[in-house]
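the following block contains a protein sequence and its predicted model.
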Amino acid sequence: MTERNGFPRTGSNGAPEDDGKNTAGTPVEFSASCPVPISEYPQILLAHGGGGRLTRTLIDSMFVPTFDNAMLDAKHDGAVFRIGSCRLALSTDSYVVKPLFFPGGDIGSLAVHGTVNDLAMCGARPLYMAAGLVLEEGLAMDTLWRIVQSMQAAAKKADVQIVTGDTKVVDRGKGDQIFINTAGVGLVETSRSLKPDQVKAGDTVILSGDIGRHGMAIMAAREGLEFEHAIDSDSAPLNGVVAKLLNSSAYVHCMRDLTRGGLAAALVEIAESAGVQIDIQETAIPVREDVRAACEILGLDPLHVANEGRFVVFVASEEAEEALAAMRSHPLGATAAVIGRVQEGTPGLVTARTRIGTTSIVDMPSGELLPRIC
Amino acid sequence: MKYLDEYRDAETAQKLARAIRGLTTRPWTIMEICGGQTHAIIRYGIDGLLTKDINLVHGPGCPVCVTPAELIDKAIAIASRPGTIVCSFGDMLRVPGTGRDLLSAKAAGGDVRVVYSPTDSLRVARENPDRQVVFFAVGFETTAPANAAAVFDAHRLGIPNFSMLVSHVLVPPAMEAILSSKTNRVQGFLAAGHVCAVMGWTEYEPLAAKYGVPIVVTGFEPLDILQGIHMCVRQLEEGRAEVENQYTRSVQREGNVAAQKIMTEVFQVVHRKWRGIGEIPRSGLGLRSKYAAYDAEQRFELEAITVDEPKECISGLVLQGLKRPHECAEFGGKCTPEHPLGATMVSSEGACAAYYRYRRLIHKGERP
């Protein structure tokens, strides 16, 4: 899935949360003598936006060392910082999804949900959003109207306001109808630190619901694959279910929404950032029958498929039941399930107990998901 | 999921594994032909269920892995020309030729499209009458009938801007090449179920007789593979060398006759280079002279492009079952799925990629 290209996940900037000081390192000047740090590919491939290893490499080798600050180093969904007595979260995301409209959503609602969800993962209550629209010359006014209406409906549902924006138009052929960037700020009302480094051995891993629907909905719509019943995207604002969870007595250590790269990428990222091993049970992961079937046909692993309305929670084991109950009390967490446990083990390793009772390694996808030949 | 979960049952898997253990009195080396089987074995850790006496080696049956760098370079050469569209199955895009892959050709401005069926590329050709549309036809006997049908249709419907870069390969000649090699260690085969669904298994009977090896037509789910191994070990232990069919729900002895007919109409057997292995006589399919007008190599005059494989890559030895992926010095270091040196690291069916994805930490530092 490549609908969220660019500066994914780590689109944060500013002063670190803990001391409020700007710790940006020595400025780096790009000149002819300063080589581009990524040498393997001289050009950007679509796979660099796929949310897998290549995306990671790009972020780690080019963006993080260049922008160099503590908040970016945290590699979370957004940045959390203090201004006066308030803790705020800031996040941004760009949307280049094709087709613009798909079962269960469209680029407009997706652009709102994505940023709302990134803020929610920081433990923030999303408040205000900015929207930047890049329009291609010739885009039907009616199409734009539908997208804008959808953005407003999604914002209302998520209880955020779109308070500022920007519009640019590019020549016909220089864009793909419409690209949207959104950024948002939210208020962090919990005093807890919800970051990957809080994840500890012994934590229980909870998944908020079935996986793989968004990616398969997009792939089916994009490639004209027809299934008996259309698979609808899971795109949804997660701030409601997250509020239920954070208002419960369960002590949550970290949350991560599943986007490109799917559950596998989210777990591997957390395991690497937290320096822990995560063991999951394949049979505990809810996957809808139609999604499993579509994945089988295309030779894809549901663990690698994109989602836009699902997240994983890391919580102290003794409070897992409370967390589960809180999540299940919200419609977007109704099928939440315990899928695994954090171990000391090998840092960065994610393993799965397979359906037939053996153990295998879970890895993040390399780049774009490419259907297998046979 | 119906028709799949039944073949992934933990209890039955353990039962079959016990039965194989009970049957085995000495070490046996068995090769699974198909990359899909390799993927399932590694993905589900099936070899971990078996006794150490059963040595599974991974055969040359991943179409992506055996497509020679030369043909990928030809596909890139076509994609780099103005006015062309190259259509391919998805996982071919990441396979390196000598220098680049099709993804890089796409990033450089080439029009490279992923299709799910050769028929899709015919549609692309009809929608773009002013462009040359080339389908990169790779694969074994499994994909050959549909590819043949696309050429047949292009001819019948008169679609002049369509052509095919053909890299088809055949299973039995590859098995014979492995069996007749002096270094061969393979004592039994799991034949590829989907290939046999098209071709049947009569062509394997002479191989079993000549080389004295059991060949079991086997499916792709964990229980299929365990049952296939069980049948193969039983033959080995009993001193038999026959062709047996585990995959009865899909395969009949004579195969799919209609599919064979369209293959024979469009394709003829030719000599073919295999990546990392070299040329195997009469091991591939090429277009018959009647359909030569649809041959992209002729249309774009690409015959002059010839290349050698990268030296560091031992994929040829891996594909012949002589080395395991983690026995390669570059495995997981210079060679990863993001930066593959050879095709076996590219496709999820490739033995090296499957080991990397599901095994690399287990085999770290291990140098048998």
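Perfect, thanks for sending it. Numbers count the residues shown, from 1 in each chain, chains lettered A, B, ... in the order given.

show me the shaky parts of the stretch 1-150 of chain A.
A:1-40 (pLDDT under 70).

same thing with the stretch 251-374 of chain A?
Using pLDDT under 70, the stretch 251-374 of chain A drops low at A:366-374.

A:Thr182 belongs to a strand?
Yes: the assignment for A:Thr182 is a strand, going by DSSP: H, G, I helix; E, B strand; the rest coil.

ok, it touching A:Ala111?
Yes: with contacts defined as C-beta atoms under 8 Å, A:Thr182 counts as touching A:Ala111 at a distance of 4.8 Å. All C-beta spots, glycine's among them, are computed from the backbone N, C-alpha and C.

out of those two, which sits in the busier spot?
Taking other C-beta atoms under 10 Å in any protein chain shown, A:Thr182 and A:Ala111 do not tie; A:Ala111 has more neighbours (31 against 28).

just the CA trace of the strand or helix carrying that one, in CSV.
Element membership for A:Ala111 (DSSP states H and E) is helix A:107-121. The C-alpha coordinates for helix A:107-121 follow below in CSV (Å, rounded to 0.1, in the frame of the first residue of the first chain):
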residue,chain,number,x,y,z
ILE,A,107,-9.2,9.8,0.5
GLY,A,108,-11.0,12.6,2.5
SER,A,109,-12.2,10.5,5.4
LEU,A,110,-8.8,8.6,5.4
ALA,A,111,-6.9,11.9,5.6
VAL,A,112,-8.8,12.8,8.8
HIS,A,113,-8.7,9.4,10.3
GLY,A,114,-5.0,8.9,9.8
THR,A,115,-3.9,12.0,11.7
VAL,A,116,-6.6,11.6,14.3
ASN,A,117,-5.3,8.0,14.9
ASP,A,118,-1.6,9.1,15.1
LEU,A,119,-2.6,11.6,17.8
ALA,A,120,-4.7,9.1,19.6
MET,A,121,-1.7,6.7,19.7
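
around chain B, pick out the residues from the stretch 51-200 of chain A.
Proximity of the stretch 51-200 of chain A to chain B is confined to A:53-54, A:57 under the rule C-beta under 8 Å from any C-beta of the partner chain.

between the residues you listed, which sits nearest chain B?
A:Arg53 (5.0 Å; C-beta to the nearest C-beta).

pretty sure A:Ala131 sits in a helix.
No: using three-state DSSP, the assignment for A:Ala131 is strand, not a helix.

A:Ala89 versus the closest residue to it other than its chain neighbours, what's the distance?
When the adjacent residues along the chain are set aside, A:Ala131 lies closest to A:Gly165, with 4.3 Å between them (C-beta to C-beta, 6 or more residues apart in numbering or on different chains). Distance of A:Gly165 to A:Ala89, computed by C-beta to C-beta, to the nearest Å: 20 Å.

now do A:His304
Applying C-beta to C-beta to A:His304 and A:Ala89 gives a distance of 28 Å.

what segments of chain B are strands?
B:28-34, B:54-61, B:84-88, B:111-114, B:132-139, B:162-169, B:188-192, B:215-218, B:243-245, B:267-274, B:278-287 (DSSP state E).

does chain A have contacts with the fifth one?
Yes: remark: strand B:132-139 sits within contact range of chain A at B:138-139, by C-beta under 8 Å from any C-beta.

so who does A:Val242 touch?
A:120-121, A:123, A:255, A:311 (C-beta atoms under 8 Å, 6 or more residues apart in numbering or on different chains).

thanks again, I'm all set now.
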